[in-house]
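Novice: everything below, folded, please.
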Amino acid sequence: MTDEDFAHLYEALRNSVYTYAARRVGPEAAKDVVSDTFEVAWQKRQGFPVDRSEWTRWVVGIAKNKVLQELQRRQRKHHDNRFVIDWTDEERDRTETDIAATVVANDSARRIYEALSPAEKRLFDLAFVRDLSPDQAASILGISTTAFTTRLSRLRRKLIALEAEHQPVPARTGRR
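Specialist: Numbering: from 1, shown residues only. Got it, this is the predicted structure:
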């Protein structure tokens, strides 16, 4: 692959790789995915398939790996931050005092999440798990920011209602 071939390949696939990545990791991280993808492609350009029709598939494979790496990085970052928070004195004391309350709260949260429709779960994941801005989440869903915030407001109301429905029944503490 010549430098000129690589320049043409970059021009032909840059926008497609960006669009693919933006849908999965958001617009800002997608810029990094594009640059990382083509950096790897540049480094491995001598190993590209001889058949030019295979070049697109080769670059798309690199892009998929870069998106996966970004998602894994986010998951590790989230896990690392939760680990630090989990072991602060305040959190440790609260956890040690009543582990049953933690188990009940986790079970309740799982039941509430399971009660959501697939569309509501997707909205929940974008807004609360991935912690994207309304603009980013709306872009991923292909809707306006106003539509996203309206749907999120409805979802919050539904979560409050579901939480009220799934409150655990208090255990009896006295003798009969």
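Novice: okay, and F6 sits in which element?
Specialist: helix 3-25 (DSSP states H and E).
Novice: also Q69?
Specialist: Using DSSP H and E, Q69 falls in helix 55-86.
Novice: helices or strands up against the helix holding F6?
Specialist: If you count contacts as 3 or more C-beta pairs under 8 Å, 6 or more residues apart in numbering; DSSP states H and E, helix 3-25 packs onto helix 27-43, helix 55-86, helix 134-141. From N, CA and C alone the C-beta is placed, and that goes for glycine too.
Novice: tabulate these (a markdown table), appending distance to F124 and mean neighbour count.
Specialist: Converted to a markdown table, the helices and strands packed on helix 3-25 look like this (distance: least, C-beta to C-beta, whole Å; neighbours: other C-beta atoms under 10 Å):
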| stretch | distance to F124 | mean neighbour count |
| --- | --- | --- |
| helix 27-43 | 20 | 17 |
| helix 55-86 | 15 | 14 |
| helix 134-141 | 11 | 18 |
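Novice: so which of those helices comes closest to A119?
Specialist: Taking C-beta to C-beta, helix 134-141 is the member of the helices and strands packed on helix 3-25 nearest to A119, at 9.2 Å.
Novice: who touches stretch 37-55?
Specialist: The contact list for stretch 37-55 (C-beta atoms under 8 Å, 6 or more residues apart in numbering) reads 1, 5-6, 9-10, 14, 17, 58-59, 62-63, 66.
Novice: end to end, how far does it reach?
Specialist: For stretch 37-55, the first-to-last residue distance is 13 Å (C-alpha to C-alpha, to the nearest Å).
Novice: can I get the helices and strands packed on helix 3-25 in a markdown table including distance to R110 and mean pLDDT?
Specialist: Formatted as a markdown table, the helices and strands packed on helix 3-25 follow (distance: least, C-beta to C-beta, whole Å; pLDDT from 0 to 100):
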| stretch | distance to R110 | mean pLDDT |
| --- | --- | --- |
| helix 27-43 | 29 | 89 |
| helix 55-86 | 17 | 75 |
| helix 134-141 | 23 | 86 |
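Novice: can you lay out those helices as JSON lines showing distance to A164?
Specialist: Output for the helices and strands packed on helix 3-25, formatted as JSON lines (distance: least, C-beta to C-beta, whole Å):
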{"stretch": "helix 27-43", "distance to A164": "37"}
{"stretch": "helix 55-86", "distance to A164": "27"}
{"stretch": "helix 134-141", "distance to A164": "26"}
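Novice: circling back: buried residues of the helix holding F6, list them for me.
Specialist: Neighbour counts over helix 3-25 (16 or more other C-beta atoms under 10 Å) mark 6, 9-10, 13, 17-18, 20-22, 24-25 as buried.
Novice: thank you, goodbye.
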